[in-house]
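1. here is my input, please return the structure:
(2 chains)
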Amino acid sequence: MNKLKCLVFAVVMLFSAGLMAQQLVVEVTQGVDSPVPVAVVPFGWSGDSALTEDVAAIVSQNLARSGFFRSMNRQNMLSFPNQEDQVFFRDWRMVNQDYLVIGSMQPLSADEVRVTFELYDVLKEQKMLTREVSAGRNNLRDAAHFISDVIFEEITGIKGAFSTRIVYVTADRGQGTNQRFRLHMADWDGERARTILESNEPILSPAWSFDGSKLAYVSFETSRPVVYIQHLATGQREQIQSFPGLNGAPAWSPDGNRLAVVLSKDGNPEIYVLDLRSRDLQRMTQNSAIDTEPFWAPDGRSLFFTSDRGGSPQIYRMDLASRAVERVTFEGSYNARGRLTQDGRFLTMVHRGSSRRFQIAVQDLKSGRVDILTNSDYDESPSIAPNGSIVMYATQEAGRGILAAVSLDGRIRFNMPVPQGDVREPAWSPFLK
Amino acid sequence: MRSVHFTKALALAAVMAIAAGCSSSGSKGDSGALTDTVGASSIGAGSTGGVTPGSWEEVQQLRNVFLFEFDRAVVRPEFLPDLEKHARFLANNPSARVRLDGHTDERGTREYNMALGERRAQAVERVLMVNGANSGQIESVSYGEERPAVVGNHEGAWSQNRRVELRYLSR
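-> Residues are numbered from 1 along each chain as shown, chains lettered A, B, ... in the order given. Predicted coordinates for the structure are as follows:
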């Protein structure tokens, strides 16, 4: 699929944010069918000292990365309107833009800013919306992501996921025991990253609760694998009961009351469900094969997991009421570590087919159709945006782990800004309040 | 004692049979690794001249890294002599304890590899136990692909990373 490289361009944007100046390379490596052209004009600013963030540039980049839009390069703009009476639709029709976003920012107080923004339909010559949002001077990225969400939803009808966050793990380069592992949280676009756990021992399998308030993950800090739950508001951590052998692959039930985990306390890796209120532990699988990597259907009525019970790792689904198990994946010799879109229709997974490479694939559970979304040799850990538009995953570049993302239709692919170390295991948050 | 020997022989036969079946069913292109299995961190069996059989000195010279084939958790036959000596030491020294860390190469998903690493550690644990070690003397932990011995995405690195490391916690 997609051997056609219609379009290769790189947009290099430099954010001079005081705290984290970072170079971001957006590389669109695939042919784009018909993304909607949108122009986001640099926002006006009536305050004295310069702002640390370019809000319009963030909005422009967000929209382009969604795969739904093509953002206009501001160097090609014929005018720079900040308010309605400065908008001349002719200027935007001439350069083939369908939509126009303008905005202006005023200081509300010493450290607060009000952003007013407007969206126009260029072809109909109509204003579609005017909105205001205020944000701290140091949190202008929040305003930019909010504006992106509003515009995205207004045009596509799909809820925007730009105000979400990701967590991921990094490991310092090195081998043996000379490594340092860190769990980080960042904006969806990798900016404003901060470390939330640090250890000399491996950290893996971070998983968000469906309300976005907690993380579960596996940490070897006691030199054994133990599943922890961390409350994000307080930083408070709790250890769930651990057993000899594997304690891994935590997965929250949609109602947040149960945690599926993998334990090998009975000699073989099996899926268990822990009730977090009663602490009741139920064994779900009984099979001499490896059963691991559980994840819940969004309706909470079935549990998917990876098993090699058929001779190679494949994804299976268990109906929780009847405990009936059916195989879900059939194409390829290796399908594992699945995740579902929130409507339960699309399954992304690590797939190994005839090419012998490990790639991210998506399977339409309705039609059974499988599409390969990525194009390198060691892609893993797919995680889907809560609106189902983008899949983030771990891949390698020049022998080093990095994060990348691809739209669910495979049209847009880009690399995330690269922190230090080997980066792996992105987990995308749900919509946050 | 008699029953121990009987199970030992049975299990050993089983291990051999599985290993034989494994190699005849065709290894997955990484069988070349078999020839360069002597890691820098260990000395192969047979180099115990001059030390008392069954002594701590001898045990320290035994191989302590055991390599595996891709996606396999079967102990290779050439590692059995050293493992038997480790087992004999454990059997003769009830206060001795070992830890087995199971590892995989980087290919495949992380939690699946956790399970695979555990299978490897369990395979080594079984060999120790059928040769007289007590289960209470052995602690097995899988690190999956999280702690590679050699960094790199080529068979040279992978073959060194598919391993179980045996470490004495006490003697």
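2. checking the most centrally placed residue in chain B next. Helix, strand or coil?
-> Nearest residue to the geometric centre of chain B (CA atoms, centre = their mean): B:Phe66, 4.0 Å. For B:Phe66, the assignment made with DSSP: H, G, I helix; E, B strand; the rest coil gives strand.
3. give the contact list for it.
-> B:75-76, B:79, B:83, B:124, B:163-164, B:166 (CB atoms under 8 Å, 6 or more residues apart in numbering or on different chains). In short, each C-beta sits where N, CA and C put it, glycine included.
4. and the furthest pair within these?
-> B:Arg76 and B:Leu166 (14.3 Å; CB to CB).
5. quick one, which of those two is more surrounded?
-> Neighbour comparison, B:Arg76 and B:Leu166: the larger count goes to B:Leu166, with 24 against 18 (by other CB atoms under 10 Å in any protein chain shown).
6. all helices of chain B, in order?
-> B:2-24, B:56-61, B:80-92, B:110-130, B:155-161 (DSSP state H).
7. where is the longest helix in chain A?
-> Assignment by DSSP H; longest helix in chain A turns out to be helix A:140-156.
8. what are the buried residues along it?
-> Buried residues in helix A:140-156, counting neighbours by 16 or more other CB atoms under 10 Å in any protein chain shown, are found at A:140-152, A:155-156.
9. now for that helix, which elements pack on it?
-> On a contact count with 3 or more CB pairs under 8 Å, 6 or more residues apart in numbering or on different chains; DSSP states H and E, helix A:140-156 meets strand A:36-40, helix A:55-65, strand A:99-109, strand A:112-121, strand A:126-136.
10. dump the residue contacts of the residue of the stretch 101-250 of chain A found nearest chain B.
-> Nearest residue of the stretch 101-250 of chain A to chain B, counting by CB to the nearest CB: A:Pro202, 3.8 Å away. For A:Pro202, the contact set (CB under 8 Å, 6+ apart) comprises A:171, A:181, A:218-220, B:143-144, B:146-147.
11. show the pLDDT at the residue nearest to it when sequence neighbours are not counted.
-> Excluding its sequence neighbours, the residue lying closest to A:Pro202 (CB to CB, 6 or more residues apart in numbering or on different chains) is B:Glu146, at 3.8 Å. We have a pLDDT of 94 for B:Glu146.
12. bridging residues for the residue nearest to the centre of chain B?
-> B:Val164 (DSSP bridges).
13. next one: A:Arg352
-> A:Tyr334, A:Phe358.
14. please tell me how far it sits from A:Asp379.
-> According to CB to CB, to the nearest Å, A:Arg352 stands 10 Å off from A:Asp379.
15. pull the CA atoms of the helix or strand containing A:Tyr272 into CSV?
-> Using DSSP states H and E, A:Tyr272 sits within strand A:270-275. Only the C-alpha atoms of strand A:270-275 are listed here, as CSV (Å, rounded to 0.1, in the frame of the first residue of the first chain):
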residue,chain,number,x,y,z
GLU,A,270,-3.1,-15.8,32.0
ILE,A,271,-5.5,-12.9,31.9
TYR,A,272,-7.1,-11.9,35.2
VAL,A,273,-9.6,-9.2,36.1
LEU,A,274,-9.1,-7.4,39.4
ASP,A,275,-12.1,-5.6,40.9
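16. report the separation between the nearest residue to B:Leu83 once chain neighbours are set aside and A:Glu221.
-> Excluding the flanking residues, the one nearest B:Leu83 by CB to CB, 6+ apart is B:Val127, at 4.8 Å. B:Val127 is 30 Å from A:Glu221, where distance means CB to CB.
17. which one of those two is surrounded by more residues?
-> B:Val127 (22 against 17).
18. low-confidence ranges, the stretch 251-400 of chain A, go.
-> Counting by pLDDT under 70, the stretch 251-400 of chain A shows no low-confidence range.
19. pLDDT score assigned to the closest residue to A:Arg165 other than its chain neighbours?
-> Distances taken as CB to CB, 6+ apart place A:Ser429 nearest to A:Arg165, at 4.6 Å, with adjacent residues excluded. A:Ser429 carries a pLDDT value of 98.
20. next, count neighbours for A:Ser429.
-> Other residues close to A:Ser429 by other CB under 10 Å number 22.
21. ok, it touching A:Gly212?
-> Yes: the pair A:Ser429 / A:Gly212 is scored as a contact, 5.2 Å apart, by CB atoms under 8 Å.
22. I'd like the average pLDDT over stretch B:100-111.
-> The model assigns stretch B:100-111 a mean pLDDT of 96.
23. mind checking the end-to-end distance for it?
-> Using CA to CA, to the nearest Å, the span of stretch B:100-111 from its first residue to its last is 18 Å.
24. looking at the helices of chain B, which one has the lowest mean pLDDT?
-> It's helix B:2-24: among the helices of chain B, that one has the lowest mean pLDDT, namely a mean of 41.
25. and the nearest residue to A:Leu183 once chain neighbours are set aside, helix, strand or coil?
-> Nearest non-adjacent residue to A:Leu183, counting by CB to CB, 6+ apart: A:Leu197, 4.0 Å away. Using three-state DSSP, the secondary structure recorded for A:Leu197 is strand.
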